[in-house]
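Colleague: how would this look folded up:
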Amino acid sequence: MSNERTLPRVVVAGLGGGAGKTVVSLALLLAARRLGRTVRAFKKGPDYIDSAWLSWASGSPARNLDTYLMGFNTAVASFARNAVSDGLNVVEGNRGVFDGMDVAGTHSSATLAKALAAPVLLVLNVTKVTRTAAAYVLGAQKLDPELDICGLVLNYVNGRRHEQIVRDAIASVCDIPVVGAVPRLDALGLVPERHLGLIMPEEHGGRDILERNLLDEVVPGLDVEAILRIAGAADPLGAEAVTPASLLDVSGLKIGYFKDAAFSFYYAENLEALERSGAQLVAISPLTECALPPDLSALYIGGGFPEVHASALAANSGFLQSLHEAAQNGLPIYAECGGLMMLSRAIVWQGSKYPMAAVLPFEAHVCSTAQGHGYAELRVDRANSFFATGLAIRGHEFHYSRIVLENGHLETACEVRRGQGIGRGREGVIFKNVWAGYTHIHALATPEWAAGMLRAARQFDSRREHGVVAMTEDH
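Modeller: Below you'll find the model as predicted:
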């Protein structure tokens with residue numbers, strides 16, 4: 001379907017991490033909803049945590065747009081497919097607005113904004129500066145005159161006098177309007193952080209308080225009507241809003257995925273790709289359920305914070321045993337990061353060791369610093385249950401754990417061409433029909449992932465129907 005739709009939109013960007021993009025984006029989404037507007041949220045780049053909070057504030061799944069992983073056309077098409085025509089679409093940038101893959105800022109928030117033909121709302125951290133804030137704005141304008149910076153939000157404002165001086169300084173040198181001034185909010189109970197970033201919404205017991213603080217303390221500092229006018233003035237976006245085709249008919253098959261406070265890192269598109277082919281998705285909590293459902297055709301274990309919940313996971317020995325037996329019996333299991341840790345012999349964290357499912361012969365040691373962070377590029381070079389040999393894969397990783405193998409040998413399926421993987425240039429531990437690695441996959445960037453999951457599920461189900469539940473192929 002050809003689109004030439006008016007899609008009110010704005011990219012919320014900053015001049016660096018910690019500028020306040022997330023707080024402004026959440027407040028803007030909540031404010032628009034309070035005005036009766038339909039909203040949708042998007043996150044630039046690979047990110048589960050900010051996306052989860054954007055989903056909370058918008059009331060619908062936030063979508064990640066990553067031009068490096070999925071390419072510009074796919075990113076724009078995803079935006080066009082999921083954006084609303086009669087409300088507000090907020091795209092939260094990442095890092096500094098011009099920060100990308102190289103010195104030219106390739107794949108930056110600025111390049112995404114231009115690809116979306118979206119006006120930019122620039123959030124400025126004005127801590128301990130006045131006229132210098134004007135220099136920030138002038139520098140941004142001069143660096144990329146094609147970037148459509150249409151509004152400024154001053155963040156960390158220290159009182160009315162400070163705000164007025166900054167406003168006047170900016171007005172004296174450029175005509176970009178200041179459409180918001182947010183006070184310092186250190187004491188307002190906003191979202192606490194831990195080693196991977198903000199804590200997830202489902203673990204934050206004070207979401208009602210957070211919402212009230214955003215509406216009462218942040219929104220009054222925003223000129224919401226002015227921002228809505230900026231978003232509404234965006235030119236119609238011409239893009240193909242094509243819904244991805246079904247990959248394989250697997251109607252009736254059940255694919256489980258772990259979903260609870262310990263495992264929550266899933267892209268909506270990944271789950272949707274499985275459902276679109278007729279699979280029934282079964283959410284499973286290894287924290288509270290006694291065992292895996294017996295009739296699964298495949299299992300997807302995403303990332304999350306298993307180390308934080310390691311004590312409870314380890315105490316659920318019946319569930320761990322059922323997971324171990326399912327892997328031994330050939331159930332296709334695709335595990336990313338936290339899922340890899342769950343399949344290990346044990347998680348070692350903060351001086352304690354917690355037994356896990358012992359599907360794979362190593363321990364996952366959680367370190368005090370990141371062991372892998374950034375984009376990953378892989379090339380499949382060994383036969384496995386999910387990907388064809390020779391396939392090039394782009395993904396991302398962010399993990400504080402590393403695997404520790406005291407004895408034995410690991411079979412792996414991929415050469416690492418960018419990133420860390422499990423170490424020594426390898427990624428994708430394989431065992432029977434199990435794949436476990438640190439690399440996260442986005443289904444729009446790697447459609448072969450969903451196809452592989454569905455194919456493995458159907459093959460396993462077929463063999464189970466014929467009484468062959470323990471697969472013995474060597475990969």
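Colleague: Burial check on residue 423, number of neighbours?
Modeller: 17 (other CB atoms under 10 Å). The C-beta positions use only the backbone N, C-alpha and C, and glycine is treated the same way.
Colleague: Verify the contact between it and residue 402 for me.
Modeller: Yes - when contacts are counted by CB atoms under 8 Å, residue 423 is listed as touching residue 402 (6.7 Å).
Colleague: all helices of the protein, in order?
Modeller: For the chain, the helices defined by DSSP state H cover 21-34, 49-58, 67-70, 72-82, 109-115, 132-143, 160-171, 207-213, 224-232, 268-276, 310-315, 317-328, 338-343, 447-465.
Colleague: How about the contacts made by residue 26?
Modeller: Applying CB atoms under 8 Å, 6 or more residues apart in numbering, we find residue 26 in contact with 53, 54, 56, 57, 214.
Colleague: could you dump the helices of the chain to CSV with mean pLDDT and distance to residue 238?
Modeller: Rendered in CSV, the data for these read as follows (pLDDT from 0 to 100; distance: least, CB to CB, whole Å):
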stretch, mean pLDDT, distance to residue 238
helix 21-34, 96, 25
helix 49-58, 94, 24
helix 67-70, 96, 17
helix 72-82, 94, 9
helix 109-115, 98, 12
helix 132-143, 96, 26
helix 160-171, 97, 33
helix 207-213, 87, 36
helix 224-232, 97, 18
helix 268-276, 94, 22
helix 310-315, 98, 48
helix 317-328, 98, 48
helix 338-343, 98, 39
helix 447-465, 94, 24
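Colleague: looking at those, which is closest to residue 383?
Modeller: helix 447-465 (12.1 Å; CB to CB).
Colleague: what angle sits between that closest one and helix 268-276?
Modeller: Interaxial angle of helix 447-465 relative to helix 268-276 (axes from the mean of the first three to the mean of the last three CA atoms, to 10 degrees): 40 degrees.
Colleague: what does helix 447-465 contact?
Modeller: 244, 247-248, 250, 253, 255, 270, 273-274, 277, 279, 297-298, 300, 330-332, 334, 385-388, 391, 393, 433, 441, 443, 469, 471.
Colleague: thinking again about what came up before, tell me which of the helices of the chain is the most buried.
Modeller: For the helices of the chain, average neighbour numbers computed from mean count of other CB atoms under 10 Å are highest in helix 338-343, which has a mean of 28.
Colleague: So which elements touch that one?
Modeller: strand 263-265, strand 298-301, strand 303-304, helix 317-328, strand 333-336, strand 434-437 (3 or more CB pairs under 8 Å, 6 or more residues apart in numbering; DSSP states H and E).
Colleague: what do you get if the cut-off is 7 Å, keeping everything else the same?
Modeller: Contacts defined by 3 or more CB pairs under 7 Å, 6 or more residues apart in numbering; DSSP states H and E place helix 338-343 against strand 303-304, strand 434-437.
Colleague: Could you list the residues in contact with stretch 407-422?
Modeller: With CB atoms under 7 Å, 6 or more residues apart in numbering as the test, stretch 407-422 has contacts from 361, 371-372, 374-382, 384, 397, 403, 425-431, 435, 437-439, 475.
Colleague: Give me the distance between that stretch and the centre of its chain.
Modeller: Its chain's C-alpha centre and that of stretch 407-422 lie 23 Å apart, by CA atoms, centre = their mean, to the nearest Å.
Colleague: what's the average pLDDT for it?
Modeller: If you average the pLDDT over stretch 407-422, you get 94.
Colleague: Tell me the buried residues in that stretch?
Modeller: Of the residues in stretch 407-422, those buried under the neighbour-count criterion (16 or more other CB atoms under 10 Å) are 410, 412, 413, 414, 415, 416, 419, 420, 421, 422.
Colleague: Could you do stretch 121-133 as well?
Modeller: Neighbour-count burial for stretch 121-133 [16+ other CB under 10 Å]: 121, 122, 123, 124, 125, 126, 129, 130, 133.
Colleague: Which pair of those spans the longest distance?
Modeller: 121 and 130, at 21.1 Å, using CB to CB across the buried residues of stretch 121-133.
Colleague: Quick check: residue 381 touching residue 388?
Modeller: No - with contact defined as CB atoms under 7 Å, residue 381 does not reach residue 388; the gap is 10.9 Å.
Colleague: Same drill for these two, tell me which one is more crowded.
Modeller: Neighbours per residue (other CB under 10 Å) separate residue 381 from residue 388, with residue 381 holding more: 15 against 11.
Colleague: Could you measure from the more buried one over to residue 452?
Modeller: To residue 452, residue 381 is 16 Å away according to CB to CB, to the nearest Å.
Colleague: got it, and residue 340?
Modeller: 17 Å.
Colleague: Next: residue 43.
Modeller: In terms of CB to CB, residue 43 sits 26 Å off from residue 452.
Colleague: again with residue 442
Modeller: When residue 442 is compared with residue 452 (using CB to CB), they lie 14 Å apart.
Colleague: cool, and residue 38?
Modeller: Distance from residue 38 to residue 452, by CB to CB: 35 Å.
Colleague: Likewise for residue 327?
Modeller: Note on residue 327: its distance to residue 452, by CB to CB, is 17 Å.
Colleague: Residue 264 - how many residues pack around it?
Modeller: Residues near residue 264, counting by other CB under 10 Å, number 20.
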